[in-house]
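Colleague: Here is a sequence with its predicted model. Questions after.
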Amino acid sequence: MTGISISGMSGVIETTTRGMNPSYVAKELYEVGTDVFRESQVNVPSDSGDLHASGRVVNRGEKRASSTITYGSAGVDYAGYVHYGTGAQASQPYLATAFYDVAPTLGRRLNEAARKGLGV
């Protein structure tokens, strides 16, 4: 299995919970994770379709605001080999590429969500 996790907002949310509605940040983090997942679905190689179908996005709640995108399962144990490559096969970084496509908007989006949560 291979995956990427977008997290680290728990500390920010904890620090600013006084007077802040954390659901705005958690919801935006969910949206970011969903956007990364959608982009990765476009990028993931699809010979048999199994790797594509194994993709998942898991979003945690307000207290542990995070979004994790994974590929691979018991029957699809080659997700990491495809993403990172092997000595014989070039890497096809479908997750990293998707994250880098979404990353330029990440700071702005989370800042806006935090402002809404603070009522600013």
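Modeller: Received the coordinates, thanks. Numbering: from 1, shown residues only.
Colleague: for the most centrally placed residue in the chain, what are its contacts?
Modeller: The geometric centre of the chain, computed from its C-alpha atoms, lies nearest to Gly33 (Cα atoms, centre = their mean), at 3.5 Å. By Cβ atoms under 8 Å, 6 or more residues apart in numbering, the contact list for Gly33 reads 6, 57, 59, 66-69. Where you see a C-beta, it was placed from the backbone N, CA and C, and this is true even at glycine.
Colleague: how about the nearest residue to it, chain neighbours excluded?
Modeller: For Gly33, the nearest residue in space outside its immediate sequence neighbours is Ser67; the separation is 2.4 Å by Cβ to Cβ, 6 or more residues apart in numbering.
Colleague: Go ahead and confirm that neighbour touches Asp35.
Modeller: No. With contact defined as Cβ atoms under 8 Å, Ser67 does not count as touching Asp35 (9.5 Å).
Colleague: Compare these two (neighbour count), which wins?
Modeller: Each of Ser67 and Asp35 has its neighbours counted (other Cβ atoms under 10 Å); Ser67 has more, 24 against 19.
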